[in-house]
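# whatever this is, show me its structure:
(2 chains)
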There are 2 protein chains.
Amino acid sequence: MAFRFEIIKKDSVSRARLGRVQTDHGSFTTPAFLPVGTQGSVKSLTPEELVEIGVEAILGNTYHLYLRPGYEIIGRLGGLHTFIHWERPILTDSGGFQIYSLGTLRKISEDGVTFQSHLDGSSHFLTPEKVMEIQRALGSDIAMVLDECVPYPSPFEYVKAAMERTSHWAKRSLEVRRENDPALFAIVQGGLHRDLREESAQTLVEMGFQGYAIGGLSVGEPKPAMLDVLSWTTPLLPENAPRYLMGVGTPEDILDAVMLGVDFFDCVLPTRNARNGTLFTSSGKISIKQAQYAEDGRSVDETCACYTCRHYSRAYLRHLYLSKEILSSRLNTIHNLYYYINLLGKIKGAIQEDRLLDFYQSHGSRLGLEKETSLLFHSH
Amino acid sequence: MAFRFEIIKKDSVSRARLGRVQTDHGSFTTPAFLPVGTQGSVKSLTPEELVEIGVEAILGNTYHLYLRPGYEIIGRLGGLHTFIHWERPILTDSGGFQIYSLGTLRKISEDGVTFQSHLDGSSHFLTPEKVMEIQRALGSDIAMVLDECVPYPSPFEYVKAAMERTSHWAKRSLEVRRENDPALFAIVQGGLHRDLREESAQTLVEMGFQGYAIGGLSVGEPKPAMLDVLSWTTPLLPENAPRYLMGVGTPEDILDAVMLGVDFFDCVLPTRNARNGTLFTSSGKISIKQAQYAEDGRSVDETCACYTCRHYSRAYLRHLYLSKEILSSRLNTIHNLYYYINLLGKIKGAIQEDRLLDFYQSHGSRLGLEKETSLLFHSH
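Numbering: from 1, shown residues only, chains lettered A, B, ... in the order given. All right, here's what the predicted structure looks like:
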């Protein structure tokens, strides 16, 4: 596959970079937020709506698609892009995280991982090689190696063993690569331990991947710990490869992580919050079900240009939510994804125009960012 | 309100008519199918999608909107069209049917009806005058008088009393009409009794309404009985007023009723079936969850030009349904509504070109229409 990452501009006061990723399904600019299309659908939206929102790439969950409808079926029907009618880039995860969070009776050996499906209890055995085969059949543009995720907190020895296994599995994944395979990203593990994170990053970089993910975060650890891990890890990764922070996060997390040199993000937060009636606005989050919106004829965010804000009032959105109408999930998801994509657009503009610090300060003060994020500056 | 009904062409072999209804929110052609926007939303779709499907008018449920969010709120926010972002005609029912099917502890007097909300058990009292006030606040284009619906079967005396009360209420509704009110339609009741139906129709026609609905059908009676009622009733209604068959029906019901002189229809069937995975096709209904579609790369209906059929396979639609994805309801609803709107389009074309009998015979034989519908011809 034709995978290329190009840095367009580096920020002068932080580690942030403006870049572009080229794939066989077109390109996307970074820092990028990839909405999560868990089961072959970014919940409630069509591909055309994603494009209208400005989404350039999405994530698919290998675990879910492997269990249902099955990767062979998707492969025989022309791959995931055709199956779900999405023509732009798709990144697939390895399933590692879902095996831990959803699978039961997990049993890990050096060879691979056995687990029971959360759908029907059926037993499955996945190896690094098998996960490559699955993502190959799906026709992903960017594939992830199988990794071992550990809960937070876990004993040092366990975190270390899982990190080492993740590295062994990354090596095996490289060994079975084929010419037209998706771009392959390794996953840095090591919990909150600086020495383990550094060892993981160095080991993987020596093997040589097309990109590097930072995994095992957003699992309940305190937020400063996540920023510490990023501050230790990104300097050890090659400048010319993209860095992907898996499963993160809030708008504030994303802004912080961009400043620490991260290029891609995925998270269910905007889409899941939308379905729960929690909406992001330029002055913070609101819960649309509150009685105060019952007769509120204003749009969710008067500074927002999304489809939802152009046509619907808070009163109507509240009514749809309380009435459990499907349209509620749709309109809320459109708004929240637009908020995220628009935020990333502002971040990219700020890097381009060398005013990320100003943006950070004005955005941060508006959203009440916490003080510890001051570590983000002058740390590169 | 500027309400006008014009007959463009009458069929030569049946009572079918091709017509046009003009309202303050634009016009629509008849015979027309109005999708049901129960709670201010045609379930799962946006107004733009309805327009793309070819929907020209929709129905709103007074009972639901009265209980939630409340008609005063909708009125203060500019009316139902503004509230739900639908600029074309809206017909609202009177709530009569839902009071019977959803309300509890119903108590009917000559004055009006007391019932408890299915949402929170709160007690409500609705009169014909109040129902006019509600539909006025909603800003409907076409309003219905409050009627008393009876279950099927019911004793003759009860059916008769309810029919008479419906006529009294229709008279009271007329008496409180205001200049800019919605067009007002009366509702013919009388169960399956020819004398009661005839008395109801004659009484209401003498009062003079802008249109006439046929109510109390599609409540469990045998299909030939419904056709009998239509065959007795429509000849008694004024030629130059539209006739609306409430809550009907299947594609076959609609074709039959058009031939018996009906102009409007509304029904939850295409939208509800869609959410349950039942799809209408040119060769009959299919249940998309069936295992036979697991690897079926064809569209639902290869003769269909809807958004769903243009972009998605049966295999993907089955996957979305089994995965309980919101997109499943959307794509299925788009297809089923397109099927209905397209069917009405074919019926209109056949009337225009004087080939309704041919259409009826080819359509009927394809769908296995029952023999009793032969009464539809030469009966005018």
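
# helix or strand for A:Ile187, just tell me which one.
strand A:183-188 (DSSP states H and E).

# how about the residue lying farthest from the centre of chain A, phi and psi?
Largest separation from the mean C-alpha position in chain A: A:Glu295, at 36.3 Å (C-alpha atoms, centre = their mean). For A:Glu295, the backbone dihedrals are phi -120, psi 20 (criterion: degrees, to the nearest 10).

# in what helix or strand does A:Leu255 lie?
Assessed by DSSP H and E, A:Leu255 sits inside helix A:251-259.

# quick check: mean pLDDT of that helix?
The average pLDDT within helix A:251-259 is 96.

# ok, what's across the strand from the residue nearest to the spatial centre of chain A?
In chain A, the centroid-proximal residue (C-alpha atoms, centre = their mean) is A:Asp266; its distance is 1.5 Å. Taking DSSP bridges, one finds A:Leu34 as the beta-bridge partners of A:Asp266.

# gap between it and chain B?
Using C-beta to the nearest C-beta, to the nearest Å, A:Asp266 is found at 18 Å from chain B. Bear in mind the C-beta positions are built from the backbone N, C-alpha and C, glycine included.

# contacts only, for that residue.
Neighbouring residues of A:Asp266 by C-beta atoms under 8 Å, 6 or more residues apart in numbering or on different chains: A:Phe33, A:Leu34, A:Pro35, A:Val36, A:Leu59, A:Leu91, A:Asp93, A:Tyr244, A:Met246, A:Gly247.

# the helix holding A:Leu255 packs against which elements?
Contacts defined by 3 or more C-beta pairs under 8 Å, 6 or more residues apart in numbering or on different chains; DSSP states H and E place helix A:251-259 against helix A:223-233, helix A:326-352, helix A:356-367.

# strands of the stretch 51-200 of chain A, residue ranges please.
Along the stretch 51-200 of chain A, the stretches classed as strands by DSSP state E, counting those that start in this stretch are A:58-60, A:90-92, A:104-108, A:113-116, A:123-126, A:142-144, A:183-188.

# mean pLDDT for these - can I get that in JSON lines?
Shown next, in JSON lines, are the strands of the stretch 51-200 of chain A (pLDDT from 0 to 100):
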{"stretch": "strand A:58-60", "mean pLDDT": "98"}
{"stretch": "strand A:90-92", "mean pLDDT": "98"}
{"stretch": "strand A:104-108", "mean pLDDT": "86"}
{"stretch": "strand A:113-116", "mean pLDDT": "94"}
{"stretch": "strand A:123-126", "mean pLDDT": "96"}
{"stretch": "strand A:142-144", "mean pLDDT": "98"}
{"stretch": "strand A:183-188", "mean pLDDT": "98"}
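
# closest to chain B out of those?
strand A:58-60 (12.6 Å; C-beta to the nearest C-beta).

# for that closest one, packing partners?
Using 3+ C-beta pairs under 8 Å, 6+ apart as the test, strand A:58-60 ends up in contact with strand A:36-37, strand A:90-92.

# and that strand, what's buried?
A:Ile58, A:Leu59, A:Gly60 (16 or more other C-beta atoms under 10 Å in any protein chain shown).

# stretch A:235-249 too?
A:Leu236, A:Leu237, A:Ala241, A:Pro242, A:Arg243, A:Tyr244, A:Leu245, A:Met246, A:Gly247, A:Val248, A:Gly249.

# how about the CA coordinates for that stretch, as PDB?
Written as PDB, here are the backbone C-alpha positions of stretch A:235-249 (Å, rounded to 0.1, in the frame of the first residue of the first chain):
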ATOM      1  CA  PRO A 235      10.800  12.100  22.000                       C
ATOM      2  CA  LEU A 236      11.900   8.500  21.500                       C
ATOM      3  CA  LEU A 237       9.800   7.900  18.400                       C
ATOM      4  CA  PRO A 238      11.000   8.800  14.900                       C
ATOM      5  CA  GLU A 239      10.200  12.300  13.900                       C
ATOM      6  CA  ASN A 240       9.000  11.200  10.400                       C
ATOM      7  CA  ALA A 241       6.500   8.600  11.600                       C
ATOM      8  CA  PRO A 242       3.000   9.400  12.800                       C
ATOM      9  CA  ARG A 243       2.100   8.900  16.500                       C
ATOM     10  CA  TYR A 244      -1.300   7.700  17.500                       C
ATOM     11  CA  LEU A 245      -2.700   8.000  21.000                       C
ATOM     12  CA  MET A 246      -5.300   5.200  21.200                       C
ATOM     13  CA  GLY A 247      -8.700   5.800  22.800                       C
ATOM     14  CA  VAL A 248      -8.100   9.500  23.800                       C
ATOM     15  CA  GLY A 249     -10.000  11.600  24.700                       C
END
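
# that older thread, chain center to the helix holding A:Leu255, what's the gap?
Distance, stretch centre to chain centre, for helix A:251-259: 12 Å (C-alpha atoms, centre = their mean, to the nearest Å).

# name the residues that touch that helix?
Residues from elsewhere that reach helix A:251-259 (C-beta under 8 Å, 6+ apart): A:11, A:14-16, A:31, A:33, A:218, A:223, A:226-227, A:230, A:245, A:248-249, A:265, A:280, A:339-340, A:343-344, A:347, A:356, A:360, A:363-364, A:367, A:369, A:373, A:376-377.

# who in chain A is up against chain B?
Counting by C-beta under 8 Å from any C-beta of the partner chain, chain A comes close to chain B at A:39-41, A:43-46, A:68-69, A:73, A:76-78, A:83-85, A:294-295, A:297, A:311-313, A:315-316, A:318-320, A:322-323, A:325-327, A:329-330.

# related to what we said a few turns ago, which of the strands of the stretch 51-200 of chain A sits closest to B:Asn273?
strand A:58-60 (29.5 Å; C-beta to C-beta).
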